[in-house]
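S.K.: Just the structure for this:
(chains A and B)
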There are 2 protein chains.
Amino acid sequence: MVTTLKRLLIGRPLKTREIGHAKIGVIKGMAVMTPDALSSVAYATDQMELVLASVIGAASSKAYISNVLGFSMLGTFIIVALAFLLYFAYRSIIQEYPRGGGAYAIGLHDLGKYWGLSAASTLIVGYTLTVAVSIAAGIDAIGPVIPLIGHHKLIVNIVLTLMIMLINLRGTSESANVFVPFTYIFIGCILLLGATAVVKALIHPSSIHVPSLTGMHAVQGMGLFLFLRMFASGCSALTGVEAVSNSVPVFKEPSPARAQRLLLTLVVTLSVLFMIVSGTSMLHGLKYNPDVPLINQESMILFGTHGFGYIVTVIVSMSTMCILAIAANTAFTGCPALWSSMARDGFMPRWLLHKGDRLVYSNGIVFLTLISLILTIGFDAKVSGLMPLYGVSVFYTFSVSQLGMLVRTLRNREGKWVSRACGSGCGFALTAAACLIFGITRFTSGAWLVIVCVPLMVIMFSKIQRHYREIREELKYDFSRPLQPDRDSITLVPIASVNKSSVHALEYALANFKHVVAVSVIAQNSQEEADEVERTLRAQWERLNSGVRLVVIHSQYRSVARRIQRFVDLELDRYDPEDITVVVPQFITKKWWHTLLHNKTGSILMAWLVLSKSVKVIAVPYRLKR
Amino acid sequence: MVTTLKRLLIGRPLKTREIGHAKIGVIKGMAVMTPDALSSVAYATDQMELVLASVIGAASSKAYISNVLGFSMLGTFIIVALAFLLYFAYRSIIQEYPRGGGAYAIGLHDLGKYWGLSAASTLIVGYTLTVAVSIAAGIDAIGPVIPLIGHHKLIVNIVLTLMIMLINLRGTSESANVFVPFTYIFIGCILLLGATAVVKALIHPSSIHVPSLTGMHAVQGMGLFLFLRMFASGCSALTGVEAVSNSVPVFKEPSPARAQRLLLTLVVTLSVLFMIVSGTSMLHGLKYNPDVPLINQESMILFGTHGFGYIVTVIVSMSTMCILAIAANTAFTGCPALWSSMARDGFMPRWLLHKGDRLVYSNGIVFLTLISLILTIGFDAKVSGLMPLYGVSVFYTFSVSQLGMLVRTLRNREGKWVSRACGSGCGFALTAAACLIFGITRFTSGAWLVIVCVPLMVIMFSKIQRHYREIREELKYDFSRPLQPDRDSITLVPIASVNKSSVHALEYALANFKHVVAVSVIAQNSQEEADEVERTLRAQWERLNSGVRLVVIHSQYRSVARRIQRFVDLELDRYDPEDITVVVPQFITKKWWHTLLHNKTGSILMAWLVLSKSVKVIAVPYRLKR
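M.R.: Numbers count the residues shown, from 1 in each chain, chains lettered A, B, ... in the order given. Below is the predicted model of the structure:
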């Protein structure tokens, strides 16, 4: 039944050599790995303008706003440059670590265990938050449009999380099929927005305001710190770039090359989309508005708010909402892959290492779902308050990967190592700066949590690794020790009376075990009653003629299970408890409620024996026909 | 740990022959079995006057009220007479059924199965309601006095129920010790009330009003139906009389004689107390008041409301509250005993038959607690609305026992059978009338529930009995069938690698089992990897030199458990699944969280095998030292 349901939900189990079919190319890769990064385009510009809002007055002219937004455009260019630096760094990482792992792998191998583990911890924090935050963000965005969803956010959230889990359990390729349309429609929408903006600018040059250098100089209150804060906020556009390097092996052969190609596609697309959104906003002097995201403002200005233009505007905002919601999928691809890499190195439980029936890391997917559901249900809507925390973790990861590449390049000094070292160094400086800025400016609003969580996680991973190492040593078999196959052993069959169930168990014991003894506990109100019961039992036993010795114990108490345990303790003390086996006859009733009618002596006995001793216990069920 | 806690809470286990110490005499018997009956004195007169309230106007004179209450006194006399009839009936029942059972036993044996079962069902309904209702009533009574209790009624109720359960689990004699003072203080209080009333009446004859026959004739609107309703309400004084006959064996030897003596003491005490309460009310013309019970009104009039008299008044009302709350204990003594009688006849689960560690029916006590907690939590305060239902069940039980005695007397015709038959017949007529009146007048307010529940319970008991009969037949061993002790059997030891845990399991299997085969499942990404793993494993196996054959299976899927199950299904098909045993090596980690780090292959395998086949499974734990 369970098997059938499982097949229905996630499909038939795949053979290991079918892995080829389960792998994906660049086009599908875009759908499963990039929604997180692409969706950040939908809010990165907003984040920058939010910081800049302090230097814009309520009465500021459009031209003045455009001048201010010139800084956000400058930030955008730097971030795009940074994206390309990251591309080169991760390109090399993918080359060096084709089994995946990303910043974790390079940190672990090029910088040292704690660098790798701290990068992994921040990544895991980021991934789990991505699931919780992005689904909640998507629902928040759709909420006002569809009230039914707005009123049952928590339930919708849980259902959506479970749906994404199921889709991912069906396999990487299958989940890509689901997400492909959403991803490309979103990309198409933003490109259309850009094209329209360019066309409009060419047709009506007067409708736009190009900021001038003098104009930007005239902006009041614009300092370096503000600019850095803005830059750090804008860097949220880069979240999710890491995912590709974590899950290299899901690509078709040659995996590294395909992963690199996807990474390039992602960085280029991301840059283009980001520049479109920031640029359009700057040219039209659109102010930050907490209720209407910039993308919506832009599409309203460019396509209009009625007729055909309105439909396009609606499509743009719907596709934005969808990409926000499916951003969670990036985590479902990246995180289980990261865990698998960590499990291979012994830092995570071994059950996260292997692939499940559909050749995806099923255990990891389910585990991630569990964590994110706990976060969602535990923190409810407050999850979005954890966003700053998220920035710190992303940039810490980037810093580690850049530093790792720098160290590696300096160590190997091959090819054009100077320029590559400069690139990595520059990247490290920028990302480390962003990380610091984030950490300091947002310390009280959540970033401190990273500083608490990450060390705890690192300690946990180290402990896990030590445990595996110790177990491996302890379980190592010493071949010089002689095997002891002929120890003295005894098998007990407790019986209440001679009936089909107990004889069934006795026959099983005789067929399988070497040395069988039957034992019966008699607990009656008086000695006469007890003697009478023993006489009857012994007579039946004689008639059975099994050749097995029957030990009858009289109990002054009324607990059969405890008496047998005492018998094992006291009278079988010449045997090693390891070599005593108790074969417990049990009958299985046909209807569930019938089990309520029977003494659970067998089960109680088993529980007692298992809990208190090394005695082995085996149940021999006799299935009743009615 | 659990054992220690249990000892602390309920004491050391008692030997069966220590039963003598655990039994009780008449004095303690009063404390454990009579609170239900005695506490009903506290509200029976109120119940009668509630019915009579319709013929009393707001402006009626004290003399007129006394005349009306003359009828309630008349009712009281009839009920006292009935109580003595019940005494004679139950006296014979105790004689005839010294193992307990009361109306259930006489109904079952003298009238037929369904009479007995229906009496038992109504008794069980009554007992479970007693627990729920009386504890709630006690709390309701104490609530206004101690607000802390009033505000947390449900929690106090649960705690009190569990406390009474624990006290009862400690043994009958021990629980009696707890309840003795409350019972006798209550009896003393009412006797003091009576004595004071008599003294006052003698000193100030003018303060009382003795109703005259002419005065009673002059009461307007007093008809037969009203009188019968009043009588039926007053009969609630008789609830709880049944309990003694259900638990005869808890008395010291000679149990029946002591039980009969207790029953007589109970009936006499009950009659005296009831007459005191009704009489005082009549002589002082005290009207029914929903807020102030008659006992309180009487003590206020007799002892006064200030000074020393006030203290006596408070003691009277406190002792009334306590006796209400501990009325529940009657059910804790009677109901498990009744269940045990029923289990002996096969109508209830067998685990209700035997006594527990402290020689009380522990399972029954816990089961009763569970039911009453479900009632309390499920229905909350509404339980008190079920009181009418309660009356029907009490009188149905009485009717069955009287009818049973009648039939028995007419059948045997021994001694003074005519007078005894008249007594039983008269008792039957009265109790059956009360049952009918209750059933009809209170049908819509809850009595219908009895008419629904009782047949369902009777059906359930019959089904249980049939199940036991069928099982007994099905399990009966056919001695003509030859024993099959030498069937072909096989024992599998699944191993992942040669390590201490798997060798430990192998050694156990070799020491105990006749025919051992090791099996290993290899699931790797490529054929080469798999071959390499197999080579290593085989080399280690050779080195181990156990003489056991090792079967290596390559799996194209990644589930080891499922592959072994397929191996059992397909390649061991020449064995009866009954004769295949799988010995599963498992290692037990030292810290609980370590178990989270290991693949549960062993456990999963066991679950798969147990669920899907008749294959026997045995776990061989290897305890890790760190």
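S.K.: Nearest residue to the residue of the stretch 1-150 of chain A found nearest chain B in space, please, no chain neighbours.
M.R.: The nearest approach of the stretch 1-150 of chain A to chain B comes at A:K15, 4.0 Å away (Cβ to the nearest Cβ). Where you see a C-beta, it was placed from the backbone N, CA and C, and this is true even at glycine. With sequence-adjacent residues excluded and distances taken as Cβ to Cβ, 6 or more residues apart in numbering or on different chains, A:K15 is closest to B:Q556, at 4.0 Å.
S.K.: Also A:N296?
M.R.: Nearest one to A:N296, counting by Cβ to Cβ, 6+ apart, is A:S317 at 5.2 Å.
S.K.: How about the contacts made by A:K616?
M.R.: By Cβ atoms under 8 Å, 6 or more residues apart in numbering or on different chains, A:K616 lies in contact with A:578, A:580-582, B:508, B:512, B:618-620.
S.K.: out of the residues you listed, which one sits closest to A:S520?
M.R.: Lowest distance from A:S520 to these (Cβ to Cβ) belongs to A:V582, with 13.2 Å.
S.K.: Wasn't that closest one part of a strand?
M.R.: Yes. According to DSSP: H, G, I helix; E, B strand; the rest coil, A:V582 belongs to a strand.
S.K.: pLDDT score assigned to it?
M.R.: In this model, A:V582 is scored at 89, pLDDT.
S.K.: Below-threshold pLDDT in the stretch 451-600 of chain A: ranges please.
M.R.: A:599-600 (pLDDT under 70).
S.K.: That one: strands as residue ranges?
M.R.: For the stretch 451-600 of chain A, applying DSSP state E, counting those that start in this stretch gives strands covering A:490-494, A:516-522, A:549-554, A:580-588.
S.K.: Looking at the ones you listed, spot the one closest to chain B.
M.R.: So among these, strand A:580-588 is nearest, using Cβ to the nearest Cβ, at 5.7 Å.
S.K.: Next, the buried residues of that closest one.
M.R.: A:580-587 (16 or more other Cβ atoms under 10 Å in any protein chain shown).
S.K.: Turn the residues you listed into TSV, columns for distance to B:R487.
M.R.: Below are the buried residues of strand A:580-588 laid out as TSV (distance: Cβ to Cβ, whole Å):
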residue	distance to B:R487
A:I580	23
A:T581	18
A:V582	21
A:V583	15
A:V584	19
A:P585	17
A:Q586	20
A:F587	20
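S.K.: List, out of those residues, those positioned next to chain B.
M.R.: A:581, A:587 (Cβ under 8 Å from any Cβ of the partner chain).
S.K.: show me what contacts A:I315?
M.R.: A:185, A:189.
S.K.: Give me the distance between it and A:T183.
M.R.: Using Cβ to Cβ, to the nearest Å, one gets 15 Å for the distance from A:I315 to A:T183.
S.K.: Check A:T269 too.
M.R.: Distance from A:T269 to A:T183, by Cβ to Cβ: 10 Å.
S.K.: between the two, what contacts are shared?
M.R.: With Cβ under 8 Å, 6+ apart, A:T269 and A:T183 have common neighbours A:30, A:34, A:38.
S.K.: who wins for most neighbours among those?
M.R.: A:T34 (30 neighbours; other Cβ atoms under 10 Å in any protein chain shown).
S.K.: Would you agree it is in contact with A:G240?
M.R.: Yes. Contact criterion Cβ atoms under 8 Å: A:T34 and A:G240 qualify, at 6.9 Å.
S.K.: shared neighbours of these two, anything?
M.R.: A:T330.
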